[in-house]
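Asks: what shape does this take:
(chains A and B)
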Amino acid sequence: MEKKKNRSFIYLKKYWQLYLLLLLPMVYLLVFKYSPMSYILIAFKEYKLNMSVFEMPWAAQNGMKYFIKAFKNRDFIVALRNTISLNLLDLIAGFPAPIIFALILNEIPFKKFKKTVQTVAYMPHFLSWVIISGLCLQLFAPSSGLVNMVINNLGFDSVPFLNSPNHWVATYILTGVWQSFGWGSIIYLAAIAGISPELYEAASVDGAGRFKKMWHITLPGIRPTIVVLLIMNLGNILGSGFDRPFAMQNPLVMEVAEVLSTFVYKNGIKGLQFSLTTAVGLFQSVVCLFFLLLSNWLSRRLGERGIW
Amino acid sequence: MKKKALTSMLVLAMAATTLGSVAHAEELVDGKFAETKHITVEIYDRGNDGGTDPTNNMYTDYIKQGMLEQYNVEVEFVAVPRWTEVDQINNLLAAGDAPDICLTYDYPTILQYANMGGVLDLSSYVEDYKDQLPNLWAWLGDANINYDKDPVEGTLWAIEGKRANIRRINTFVRQDWLDALGLETPTTLEEFEAVLVAFKDNAEALLGDDADKMVPFSTSYDIGWRAANLIESFLDANMTDKEFYVNGFDDRKFTENGTKEAIRVLNKWYNDGLIWKDFPLYGSGDTTEDDMIKSGYVGAFIHTWDYPYQPGVAITTTLHEIVGENADYVAIDCFKNNADKYAKYSYSSAGDRKIFFPTTNDEPLASLLYLDWISDPAHIEYLQLGDEGVTHTKLEDGSYAVMAAEAPAIMNSGQNIDMTITCNGLHLSDDEITVKSMANNYAGSDPEIVICAMTACLNDSIMQKAVNVGAIEAEAGVGNALSEKRDIVFDKAVVASVEEFDSVWDAGMEDYLNAGGQDIMDERLAKWEATFGDADMLP
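Replies: A predicted model of the protein is given here:
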């Protein structure tokens, strides 16, 4: 006993600076991430402006009033459906894009060209969605958009890129891919750089061509990275950024464009239904957590490492 | 030692705040507070080009100085962006930082705040301090002060500001285009449509190389406002007060009988290529459409009664620069209802901005005195006119004409309506001078054209009657979501193909009603019947 105490004392004496350093981020997390979580309670309570969250009265139906209300609300169901389908489409179209891009980029022998392409591809990542949606309007509006003007001049009718639901979904997904594939490829390029060159040399000696090397060395080499990113993406299947859908949506496509984050904004922040929308947010987080755990478990079953 | 000093200071500060809140029914000494009070007041920030700091300019100084001298009250203004005011006030209230005097146009929002315990009940204050508030009572009267008083509970969450000017919406057409094509001013719906067709057919003659930019009729995503004259002309002239009230939650007349047929007309125009194709894509506050109008591509539109003349929007002045001095939008009357009248709704003199005090307001008396001060006719007159030779000149007939003002004297809102919160619209001590001056009030526009707009929007106009049967609970919290749904249905119905119009409209209406619209109408009906029995009309 005495010895153990002594050991940890020596340990702390040796490393106390590190723990002191750790204290700061921990305080940050506690103050800004954990203590606000007590307000999750308002999902189960009647929200009052002038009371602390612990004093507010409980909501009806054993505190579940707002969950029941949400699931009875057609708009919520539509937003839920849209969130899932837009995220799935994003995953299908957006997840392979950076991998393919990284593989192609890796095969380019001209250093300068490679760097230029890389830099250009990163750029859209730094544009805010408000700007991108402005660009979309300038390019794709039915009568004044540049692309549609070209199409009109070629003698065809305007394509409703932004004003018909199906076209809008395609525009939404593809602008998303365009905005993020360059940036997303960085992490894969880093993983590729970590693959031992000896493997490639050995494969060349064995007579493997470019595609064989890609398939049998590069891809397996970055597989752990792919899996980790896939897990994180799946964990976010019900999450949604706010700025992208909000900036891109317009009244004609609301039936496919309303997602949970914009639903929460409209009903919670603008409509002052804080309890209802906290319930929605809580539901969203719980489902996300479930997906995260599920995909992590799956990947471990399949022999990968998972994220913890 | 230092620590001790700090502690005692904290204790003192705490004691002071406690004492302050206890000494609630404080009396004025010679109409003045013995010690200086501090209040904060919401003011809209319109972010207009070349405007002044909304919280600190010549006019705020005038108010601050006046309040300090007269009541020993220090006034601090808190800027709130005009176009996102409700969101902003939500945040401020939730954070406990809301100004002592708040205002908004939306009563259900205030009711929602009140249900959350965030609003001060004013019913006792306005009565108890009646003697100290002569100007407020004289200007607003019982009608506006107690307009929102709950008939059952007796609570009063907000005081209604008064509209000095009840003009609402006009239809505008490019007079120079009518002249160029040798067309008469349209006086019926059919003639109006013929004019739009003529604009479209003669685009080359009117716009030359820009012919493809021609928009005969422009509108925005907010169809209910931007086609209001058309919609209101389709409503039954004999609609009962009861029917109007039951449908009255939506101020764009969405659920009224007749609206659908009005939108059908727009749908036809859209499919005939008479309406701007991209209108639903641009949201609130976007200036794309204004720029089109200013560039001279737009033949006609429906909007706020003085929209093309408002100096802040600068349509007429820009049009004169780009197109020519004779390019003008003139107000016309061409939508008749089934009683052969150019029926259109004006504002009622109440129902404008609603002023409320959040529960964090520790100075209700000082705040009410502020409202009283701002309702003093002399103060209203100064804030609306400014200084002679700087913001206005006095004409021979005694009326006032606005001048283009320089930096510190620029008014951020027309006639400083953002500051005269109890009064919206020009209100001078003399009524006749008020009317004459209004026409002079639009720098860059011909007063005759403005007078034409002033007359047109009151021609056969109907003033909405006030109905108070108590709070409608179903309205709380759904206003924003429902108006957004309404806009979606309007927009989708206008752009639908002619064959699909009925199905799009009916599906959208069903969705609107299911999302809470029906609950509101049911509750309104029930409360009407509880108050007025079988009566169809207000007593």
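Asks: and the residue in the stretch 1-150 of chain A that chain B sits nearest to, how many neighbours?
Replies: Using C-beta to the nearest C-beta, the single residue of the stretch 1-150 of chain A nearest to chain B is A:L49, 3.5 Å away. Every residue, glycine included, has its C-beta placed from N, CA and C. A:L49 has 24 neighbouring residues, counting by other C-beta atoms under 10 Å in any protein chain shown.
Asks: cool, the one 10 residues further on as well?
Replies: Here the neighbour count serves as a burial measure; for A:A59 (other C-beta under 10 Å) it reads 22.
Asks: and B:M521, how close does it get to chain A?
Replies: Per C-beta to the nearest C-beta, to the nearest Å, B:M521 is found 18 Å from chain A.
Asks: got the contact list for that residue?
Replies: Residues near B:M521 by C-beta atoms under 8 Å, 6 or more residues apart in numbering or on different chains: B:V246, B:N247, B:F249, B:T255, B:L513.
Asks: and these near chain A, which?
Replies: Filtering the contacts of B:M521 for proximity to chain A by C-beta under 8 Å from any C-beta of the partner chain leaves nothing.
Asks: from the residues you listed, which land in helices?
Replies: By the criterion of DSSP state H, membership of these in helices covers B:V246.
Asks: report all helices and strands that the strand or helix carrying A:W297 contacts.
Replies: Using DSSP states H and E, A:W297 falls within helix A:274-301. Judged by 3 or more C-beta pairs under 8 Å, 6 or more residues apart in numbering or on different chains; DSSP states H and E, helix A:274-301 is in contact with helix A:65-72, helix A:223-235, helix A:260-264.
Asks: can you pull out the low-pLDDT segments for chain A?
Replies: Counting by pLDDT under 70, chain A contains low-confidence residues at A:1-4, A:306, A:308.
Asks: around chain B, pick out the residues from the stretch 151-300 of chain A.
Replies: Residues of the stretch 151-300 of chain A lying close to chain B (C-beta under 8 Å from any C-beta) are A:158, A:162-163, A:250-252, A:254, A:266-267, A:269-274, A:276.
Asks: which strand or helix spans A:I186?
Replies: Per DSSP H and E: helix A:165-193 holds A:I186.
Asks: hang on, the earlier thing: quick one: which of the contacts of B:M521 is nearest chain A?
Replies: Proximity of the contacts of B:M521 to chain A (C-beta to the nearest C-beta) peaks at B:L513, which lies at 11.4 Å.
Asks: tell me how many other residues surround that closest one.
Replies: B:L513, neighbours per other C-beta under 10 Å, totals 16.
Asks: same thing with B:E127?
Replies: Using other C-beta under 10 Å, B:E127 has 11 other residues around it.
Asks: state the distance from B:A535 to B:K149.
Replies: Distance, B:A535 to B:K149, by C-beta to C-beta, to the nearest Å: 21 Å.
Asks: okay, those two: which has more neighbours?
Replies: B:K149 (19 against 13).
Asks: among the helices and strands packed on helix A:274-301, which is the most enclosed?
Replies: helix A:260-264 (a mean of 23; mean count of other C-beta atoms under 10 Å in any protein chain shown).
Asks: just the ones of the residues of the stretch 151-300 of chain A next to chain B in helices?
Replies: Among those, DSSP H puts A:M254, A:F274, A:L276 in helices.
Asks: nearest to chain B among these?
Replies: Nearest to chain B out of these is A:M254 (C-beta to the nearest C-beta; 5.1 Å).
Asks: for that closest one, which non-adjacent residue is closest in space?
Replies: Using C-beta to C-beta, 6 or more residues apart in numbering or on different chains and skipping the chain neighbours, the partner closest in space to A:M254 is B:I488 (5.1 Å).
Asks: ok, and that neighbour, which helix or strand is that part of?
Replies: Here B:I488 sits within helix B:479-495, counting by DSSP H and E.
Asks: dump the C-alpha coordinates for that helix into CSV.
Replies: Extracted in CSV, the C-alpha atoms of helix B:479-495 (Å, rounded to 0.1, in the frame of the first residue of the first chain):
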residue,chain,number,x,y,z
GLY,B,479,-46.7,31.6,-36.7
ASN,B,480,-43.3,31.3,-38.4
ALA,B,481,-43.7,27.7,-39.5
LEU,B,482,-47.2,28.4,-40.9
SER,B,483,-46.2,31.6,-42.7
GLU,B,484,-43.4,29.7,-44.3
LYS,B,485,-45.8,26.9,-45.3
ARG,B,486,-48.1,29.5,-46.8
ASP,B,487,-45.4,31.0,-48.9
ILE,B,488,-44.4,27.6,-50.1
VAL,B,489,-48.0,26.8,-51.2
PHE,B,490,-48.3,30.2,-52.9
ASP,B,491,-45.0,29.8,-54.7
LYS,B,492,-45.6,26.2,-55.8
ALA,B,493,-49.1,27.0,-57.0
VAL,B,494,-48.0,30.0,-59.0
VAL,B,495,-45.2,28.0,-60.8
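Asks: what packs against that helix?
Replies: Helix B:479-495 is packed against helix B:223-226, helix B:259-271, helix B:501-512, with contacts defined by 3+ C-beta pairs under 8 Å, 6+ apart.
Asks: which element follows the longest one toward the C-terminus?
Replies: Pointing back at helix B:259-271 there. Heading C-terminal from helix B:259-271, the first helix or strand you meet, by DSSP H and E, is helix B:288-295.
Asks: which parts of that next one are buried?
Replies: B:T288, B:E289, B:D290, B:M292, B:I293, B:K294 (16 or more other C-beta atoms under 10 Å in any protein chain shown).
Asks: ok, those residues vs B:K492, which is closest?
Replies: Distance to B:K492 across the buried residues of helix B:288-295 (C-beta to C-beta) is lowest for B:E289, with 18.8 Å.
Asks: on that earlier part again, how about the helix holding A:I186: buried residues?
Replies: Neighbour counts over helix A:165-193 (16+ other C-beta under 10 Å) mark A:168-169, A:171-173, A:175-177, A:179-182, A:184-185, A:187-189, A:191-192 as buried.
Asks: any idea which helix or strand comes after that helix?
Replies: Of the helices and strands lying after helix A:165-193 in sequence (DSSP H and E), the nearest is helix A:197-205.
Asks: how about residues contacting that following helix?
Replies: With contact meaning C-beta under 8 Å, 6+ apart, helix A:197-205 is reached by A:K212, A:K213, A:H216, A:I217, A:G221.
Asks: ramachandran angles for the last one?
Replies: Think A:G221. Torsion angles at A:G221 (phi, psi; degrees, to the nearest 10) stand at phi -70, psi -30.
Asks: burial measure for it, as a count.
Replies: 17.
Asks: list the contacts of it.
Replies: Contacts for A:G221 (C-beta under 8 Å, 6+ apart) come out as A:A191, A:I192, A:G194, A:I195, A:L199.
Asks: apart from its neighbours in sequence, what residue is nearest the third one?
Replies: Using C-beta to C-beta, 6+ apart and skipping residues adjacent in sequence, the residue nearest A:G194 is A:G221, 7.5 Å away.
Asks: over to the fourth one?
Replies: If the residues on either side of it in the chain are set aside, A:I195 comes closest to A:G221, at 3.9 Å by C-beta to C-beta, 6+ apart.
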